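dropping the sequence and predicted coords here.
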Amino acid sequence: PMKIHAVGERCAHQAEEGVSADICGGEWWQRFLGQHGNRQQEYSAHEQLPSRHGESRERRCAHGGEENTARHGDSPGERRENADHIDDIVVTLDSHQYFDIAHPDCWRTGQGGEVAAFTAITAASVRSGQFRTADPALQAYALNYLEALEARGRYTHMVWPVHCQLGSWGHGIHHAVLGALERWQRQRQRAAMSVIKGTNPYTEHYSALQAEVPDPQDPSTQLNMPLLERIAAADQVVIAGEASSHCVAYTARDLFAHLPAENLKHFVLLTDCMSPVSGFEQQHAAFLQEAADHGVLLTSSGEFQLPR
């Protein structure tokens, strides 16, 4: 049988500290996993962007939200049949401390004022004195970090609202996704895989595969080879999750960079099961175009069918 690997960035209850629930995209999870008209949708995920693997090359992998694979069915029996075709689920979990280089309290304006969420900070703005770290002892590190980040050419450092704080409500998996994961594990008698990312407070960690600036002293920030190998072993990888402008996009880009082009032809993006952070719609569109250029199939959860 073909093995399916689902990879996805989990949708957490990220609405903390005044963060809009739109960041989490809970509505699409309900649409994808719950009732959609008269149809039930089943979800399976291998985290915020990797997918769960298979033991053989004949495996399908779904990565949803950064994580999922999905299949529609008109009855519980059909949904159980769908689960039979998903061999692995990986759920990626954005996991932060309150203190983090991407959270507001780490930064101050040059005059000592607070820095608002959704403020972009560049190395040049730190060198000019427009921004500084709240702890002067971190100033030199932060400047070196920003320079290293910008040298990679992927994005400008962004200050985010506090989100996905370890131990908080915002770190949890959306109840619709959690219920689907529980049903899949009960039916298949195997555990879904959870990938924790973002616990190092001194580097951003959008991708499920590695931090934006890996720390040589912290293996959790370096390229996750076991996860990469799991995804590479799958015959199909289905990706969904939040957010398509950031975590999903950078996980996928790391996959594009580290997997052979032939593998990417077996990747699927469920475009109605992901959305950008508000204000980053252009980045979302650029990511979808980039994925298409790599031969990734872009489709909707209503159109996609798991092979039988």
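That came through, no problem.

for the rest of this, base every contact and every neighbour count on C-alpha atoms.
Will do.

for the nearest residue to Cys247 once chain neighbours are set aside, give me the pLDDT.
Nearest residue to Cys247 in three dimensions, chain neighbours excluded: Tyr206, at 4.5 Å (C-alpha to C-alpha, 6 or more residues apart in numbering). You'll see Tyr206 listed with a pLDDT of 96.

with Val19 instead?
33.

rewinding a little: what residues are up against the residue nearest to Cys247?
Gly198, Glu212, His246, Cys247, Val248, Tyr250, Thr251 (C-alpha atoms under 8 Å, 6 or more residues apart in numbering).

how much space between it and Glu242?
Plainly put, Tyr206 is 11 Å away from Glu242 if you go by C-alpha to C-alpha, to the nearest Å.

kindly confirm my reading that Phe256 is in a helix.
Yes: Phe256: assigned to a helix according to DSSP: H, G, I helix; E, B strand; the rest coil.

my read: Val126 touches Tyr145, true?
No: using C-alpha atoms under 8 Å, Val126 makes no contact with Tyr145, being 11.2 Å away.

so which residues of the stretch 51-200 of the chain form helices?
For the stretch 51-200 of the chain, the helices defined by DSSP state H, counting those that start in this stretch cover 76-84, 123-127, 139-152, 175-188.

out of the ones you listed, nearest to Val90?
helix 175-188 (9.9 Å; C-alpha to C-alpha).

what mean pLDDT does the closest one have?
Mean pLDDT, helix 175-188: 90.

now swap in stretch 233-251 and tell me
Rounded mean pLDDT across stretch 233-251 is 94.

buried residues of it, list them for me.
By neighbour count on 16 or more other C-alpha atoms under 10 Å, the buried set for stretch 233-251 is 233-251.

gap between the two ends of it?
Start-to-end span of stretch 233-251 (C-alpha to C-alpha) is 17 Å.

just how off-centre is it within its chain?
The chain centroid and the centroid of stretch 233-251 are separated by 6 Å under C-alpha atoms, centre = their mean, to the nearest Å.

now do stretch 242-253
6 Å.

and it, end to end?
15 Å.

same check on stretch 160-178?
25 Å.

buried ones in that stretch?
Those would be 160-166, 170-174, 176-178, for stretch 160-178 by 16+ other C-alpha under 10 Å.

those residues in strands, which ones?
The strands, defined by DSSP state E, take in nothing from the buried residues of stretch 160-178.

and those, which is closest to Arg188?
Nearest to Arg188 among those, with distances taken as C-alpha to C-alpha, is Leu178, at 15.3 Å.

please report how far the closest one lies from Gln282.
Where Gln282 is concerned, Leu178 sits at a distance of 30 Å (C-alpha to C-alpha).

what's the burial count for Ala257?
10 (other C-alpha atoms under 10 Å).

list the contacts of it.
Neighbours of Ala257 in contact, by C-alpha under 8 Å, 6+ apart: none.

again with Gly295
Leu264, Lys265.

give me the distance between the residue lying farthest from the centre of the chain and Leu166.
Computed with C-alpha atoms, centre = their mean, the residue of the chain farthest from its C-alpha average is Gln111, at 35.5 Å. Between Gln111 and Leu166 the distance is 31 Å, computed by C-alpha to C-alpha.

so which elements touch the one helix or strand Leu228 maps to?
In this assignment (DSSP states H and E), Leu228 forms part of helix 225-232. On a contact count with 3 or more C-alpha pairs under 8 Å, 6 or more residues apart in numbering; DSSP states H and E, helix 225-232 meets no helix or strand.
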